[in-house]
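Visitor: Can you look at this prediction? I've put the sequence above it.
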Amino acid sequence: MNLTKRPEQKVTASSSKKVVQKSEEEIKKEQIAFLKEHEQEIVDYVRAQNSKIESVQIDWTDVRWSDGGFLFPDYSIEVYGTVNHIEDSGWSASMPINDDDSIDLKKISIFNHITIGEEILE
């Protein structure tokens, strides 16, 4: 999957007094804040993928944005993490980004196998 930066975008929100423009960096910070507010939903989704998963850790230092591609044609935000506090475990989940830059948690999906070491967790 080709991960590239979403084109520079400014969102305009109008109020009764002034127009506020948000930079791409501000939008990304808001998106991460939203995901952190909904962390339990992400954790619950990953845990539901396999009964052997007792705990889910999210690596907030590894959040990526994708402009789509063959498998994921829309903009999305991707989060990564581990399971059961095992350092060499891994999972990754993707959530589409709507046209208004909001994240659609209802369409979360695991886009790689959940692994421990080089083995797929089955």
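Guide: On my side now, so go ahead.

Visitor: helices and strands around the top helix by length along the chain, which ones?
Guide: Longest helix in the chain, counting residues (DSSP state H): helix 24-37. Contact here means 3 or more Cβ pairs under 8 Å, 6 or more residues apart in numbering; DSSP states H and E; on that basis helix 24-37 packs against strand 56-66, strand 76-83. The C-beta positions use only the backbone N, C-alpha and C, and glycine is treated the same way.

Visitor: which ones are touching the residue nearest the centre of the chain?
Guide: Nearest residue to the geometric centre of the chain (Cα atoms, centre = their mean): E78, 3.2 Å. Shown in contact with E78 (Cβ atoms under 8 Å, 6 or more residues apart in numbering): 3, 63-66, 92-95, 111.

Visitor: thinking again about what came up before, name the residues of the longest helix of the chain that come out as buried.
Guide: Buried residues in helix 24-37, defined by neighbour count with 16 or more other Cβ atoms under 10 Å: 24, 27-28, 31, 35.

Visitor: just how off-centre is the very next helix or strand once past that helix within its chain?
Guide: Per DSSP states H and E, the first helix or strand lying C-terminal to helix 24-37 is helix 39-47. Put simply, helix 39-47 sits 12 Å off its chain's centre (Cα atoms, centre = their mean, to the nearest Å).

Visitor: what angle do helix 39-47 and strand 56-66 make?
Guide: Here helix 39-47 runs at an angle of 100 degrees relative to strand 56-66 (axes from the mean of the first three to the mean of the last three Cα atoms, to 10 degrees).
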